[in-house]
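Undergrad: Fold the following, please.
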Amino acid sequence: MAQTAAAPHRPVVERSLRGFTGAGYDKGRPLLVQAAWFAVLHLVFVKWWCPDRWRPALLRAFGARVGQRVLIRHGVRVHWPWKLEIGDDVWIGEDAWILNLEPVTIGHDCCVSQNALLCTGSHRPRSATFEFDNGPVRLEPGSWVAARAVVLRGVTVGRGAVVGAGAVAHRDLAPGAVLTTKGRTA
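TA: Model (predicted):
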């Protein structure tokens, strides 16, 4: 009878979330500015009745760099506007979430579709206190993050590349690549 190789033993990390310090994460603005943004975000920005043309102006008022002819639909959440740069002619669909603990850069002519997530935050998996392991996200010009797709921290989506519907980009995509839910790139 043939023996199979055992999986390498990994020690179990005993979590102690009480010890979490949040070291290395700078919110970038004082608490009063953070609170003001959250009030505007939840009371105006995400609402269906807020005109699309107001959303880029609201982001700019809180420090985002937003290009021309940017369409941001209702339900879009932006964690920190001052850590966001958007080029010209960008579309961001309903209920997209830009969780930008670190900078997010969206190049010109990009599309971030409905319910997509751009997530710059993570935690060190072997850290007992679950400390942050954050990194920026960059969408190069002409790229597309399709419906319910996720781009994780530290990832660059290359020029004209596509993160297909429901796919998770956990590493950089080359220019023109297409990532599907099966992990294929074309």
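
Undergrad: residues in contact with the most centrally placed residue in the chain?
TA: Centroid-nearest residue in the chain: Leu118, 1.8 Å away (criterion: CA atoms, centre = their mean). By CB atoms under 8 Å, 6 or more residues apart in numbering, Leu118 lies in contact with Ala96, Trp97, Ile98, Leu99, Asn100, Val104, Val112, Val137, Leu139, Val145, Val151. Every residue, glycine included, has its C-beta placed from N, CA and C.

Undergrad: Now it: phi and psi?
TA: phi -110, psi 110 (degrees, to the nearest 10).

Undergrad: what does the one 4 residues further on give?
TA: Backbone torsions for Ser122, taken as degrees, to the nearest 10, come to phi -160, psi -180.

Undergrad: what's the answer for Arg138, then?
TA: phi -130, psi 130.

Undergrad: just for this structure, where's the confidence low?
TA: 1-7, 185-186 (pLDDT under 70).

Undergrad: Roughly how far does the residue nearest to Leu84 when sequence neighbours are not counted sit from Arg124?
TA: Once flanking residues are discounted, Leu84 sits nearest to Ala64: 4.3 Å by CB to CB, 6 or more residues apart in numbering. For Ala64, the distance to Arg124 equals 29 Å [CB to CB, to the nearest Å].

Undergrad: Then Lys83?
TA: 21 Å.

Undergrad: Which one's more surrounded, these two?
TA: More neighbours surround Lys83 than the other of Lys83 and Arg124, with 22 against 12 (other CB atoms under 10 Å).

Undergrad: any idea how far Val137 is from that one?
TA: Counting by CB to CB, the gap from Lys83 to Val137 is 10 Å.

Undergrad: can you list residues touching both of those two?
TA: Asn100, Glu102, Pro103, Val104.

Undergrad: Dump those to TSV, plus neighbour count.
TA: Putting the shared contacts of Lys83 and Val137 into TSV (neighbours: other CB atoms under 10 Å) gives the following:
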residue	neighbour count
Asn100	26
Glu102	21
Pro103	16
Val104	25
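
Undergrad: Sweet, I'm off.
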